[in-house]
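In: let me see the structure of the following:
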Amino acid sequence: MPQSSVSTSFWHALPDGRVQCDLCPRYCKLKDGQQGLCFVRANEGGRVVLQTYGRSSGFCIDPIEKKPLNHFLPGTPTLSFGTAGCNLACKFCQNWDISKSREVDTLADAASPEKIARVAEASGCRSVAFTYNDPVIFHEYAVDVAAACHARGIKTVAVTAGYICEAPRGSFFNAMDAANVDLKGFSEEFYYHLTGAHLQPVLDTLIYLKQETAVWFEITTLLIPGQNDSDAELHALSAWIREKLGRDVPLHFTAFHPDWKMMETPPTPPATLQRARAIAREEGLHHVYTGNIHDKAGGSTWCSGCGHRLIGRDWYQLSDWGLTPDACCERCGRQLPGHFEKQPGQWGPRRQPIDMRHWPD
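Out: Reported below is the predicted structural model:
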């Protein structure tokens, strides 16, 4: 089982002896022995290496709706894992113990790509999700895991902020079947001050996914009171999605809770999410969801033609199923965009930790 650094692509040497990482728009310039802001890509002996290949902060079987993906194999289980580190610096990070970790040695679970695919298959998972921290920073590991999964008929899912450069973006998403992209706000000011990043590269990723790939993707925006929840910003975000990506891209508005460096900011009121959903629907988006609150209407999938409830959801528990075997509305016949099986999965809201040590290599 590999537990050491592995060489990466997407970097080049600089005249002053440093190397520049070209994976994401941070373009970290590293002296020998220095890590990038992500903490996991480093200069070792004049080359950039990934220090977390084959190592994870833990594995768990989740409902696919938790990613969140509502139009991709509903009701099915996904084997989820992450590593450590992140290439953003979100002050509101809700997985900060993983994404902000500088302690690579705390990654207790080790697994080869082939082992992950085998465990997913044996556990009845229809997909493997790269999540908890951003998988673009463990690009090589994620791509290798995806290849092993595809060899066994297992789908792959990236939960990402989409902050990645053009060249690695192609090879990364070419290995993915689905993605949920965090569009964290819709202003450069928000991105710069609260994430330490920039908005445009994320928009570029979303346009790339729409225009250049067959990846099924959905978008999540965490609404933070007083930061990115104004009517004007919600109208602008929704209109951009409609114009650049289309009316059928699902959009999830989720609730903030105080965490990391924003402990004094209050939680998002449910009314804010419901207002955001109403604005997005007013702007013409067909599939808009609320998350992190109990809202059966906002969690369910509705036909954009006749308004029939196609998939009922109470948190992660599915109820109604109003789709024909070819994913059309049983009432009016309109096709529901996404990837659906003839029958919904029955995984429900369960969360099942997986200890890789109990599985043979």
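In: C-alpha from now on. contacts and neighbour counts both.
Out: OK.
In: residue 212 - how many residues pack around it?
Out: A count of neighbours around residue 212, defined by other C-alpha atoms under 10 Å, yields 12.
In: check residue 182 too.
Out: The number of residues packed near residue 182 is 20, by other C-alpha under 10 Å.
In: kindly report the same for residue 167.
Out: Residue 167 has 12 neighbouring residues, counting by other C-alpha under 10 Å.
In: cool, and residue 16?
Out: 7.
In: could you do the one 10 residues further on as well?
Out: Neighbour count for residue 26, taken as other C-alpha under 10 Å: 20.
In: secondary structure class for it?
Out: The three-state label for residue 26, taken from DSSP: H, G, I helix; E, B strand; the rest coil, comes out as coil.
In: check what pLDDT it gets.
Out: Note for residue 26: predicted pLDDT of 97.
In: in stretch 334-350, what's buried?
Out: Using 16 or more other C-alpha atoms under 10 Å as the burial criterion, the residues of stretch 334-350 that qualify are 335, 336, 338, 340, 341, 344, 345, 347, 348, 349.
In: quick one: contacts for the fourth one?
Out: Neighbouring residues of residue 340 by C-alpha atoms under 8 Å, 6 or more residues apart in numbering: 71, 72, 73, 74, 327.
In: looking at those, spot the one nearest residue 44.
Out: Residue 44 lies nearest to residue 72 out of the contacts of residue 340, by C-alpha to C-alpha, at 39.7 Å.
In: that closest one bridge partners, please.
Out: Under DSSP bridges, the beta-bridge partners of residue 72 are residue 339.
In: pretty sure it is touching residue 339, no?
Out: Yes. When contacts are counted by C-alpha atoms under 8 Å, residue 72 is listed as touching residue 339 (4.8 Å).
In: give me the low-pLDDT residue ranges for the stretch 201-350 of the chain?
Out: Within the stretch 201-350 of the chain, no stretch has pLDDT under 70.
In: please, where are all the strands along it?
Out: When assigned using DSSP state E, counting those that start in this stretch, the strands of the stretch 201-350 of the chain occupy the ranges 216-223, 251-255, 288-291, 301-302, 309-314, 317-321.
In: mutual contacts of residue 72 and residue 339, please.
Out: Between them, residue 72 and residue 339 have residue 216 as joint contacts when contacts are counted by C-alpha under 8 Å, 6+ apart.
In: closest to residue 289 among the contacts of residue 340?
Out: residue 71 (11.4 Å).
In: against residue 332, how distant is the closest one?
Out: Using C-alpha to C-alpha, to the nearest Å, one obtains 19 Å as the distance from residue 71 to residue 332.
In: compare the two (neighbour count), which wins?
Out: Counting neighbours by other C-alpha under 10 Å for residue 71 and for residue 332 shows that residue 71 has the greater number, 22 against 13.
In: okay but that one is in contact with residue 335, surely?
Out: No. Taking contacts as C-alpha under 8 Å, residue 71 lies outside contact range of residue 335: 11.9 Å.
In: work out for me the element the spatially most central residue of the chain sits within.
Out: Averaging the C-alpha coordinates of the chain gives a centre point, and the residue nearest to it by C-alpha atoms, centre = their mean is residue 159 (1.3 Å). Using DSSP states H and E, residue 159 maps to strand 155-160.
In: give me the contact list for that strand.
Out: The list of residues contacting strand 155-160 from outside it, by C-alpha under 8 Å, 6+ apart, reads 67, 126-136, 146, 149-150, 175-182.
In: in strands, which of those residues appear?
Out: 127, 128, 129, 130, 178, 179, 180, 181, 182 (DSSP state E).
In: okay if I get those residues as CSV plus distance to residue 273 and pLDDT?
Out: As requested, the ones in strands among the contacts of strand 155-160 are arranged in CSV below (distance: C-alpha to C-alpha, whole Å; pLDDT from 0 to 100):
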residue, distance to residue 273, pLDDT
127, 29, 98
128, 29, 98
129, 26, 98
130, 26, 98
178, 24, 99
179, 22, 98
180, 18, 98
181, 18, 98
182, 16, 98
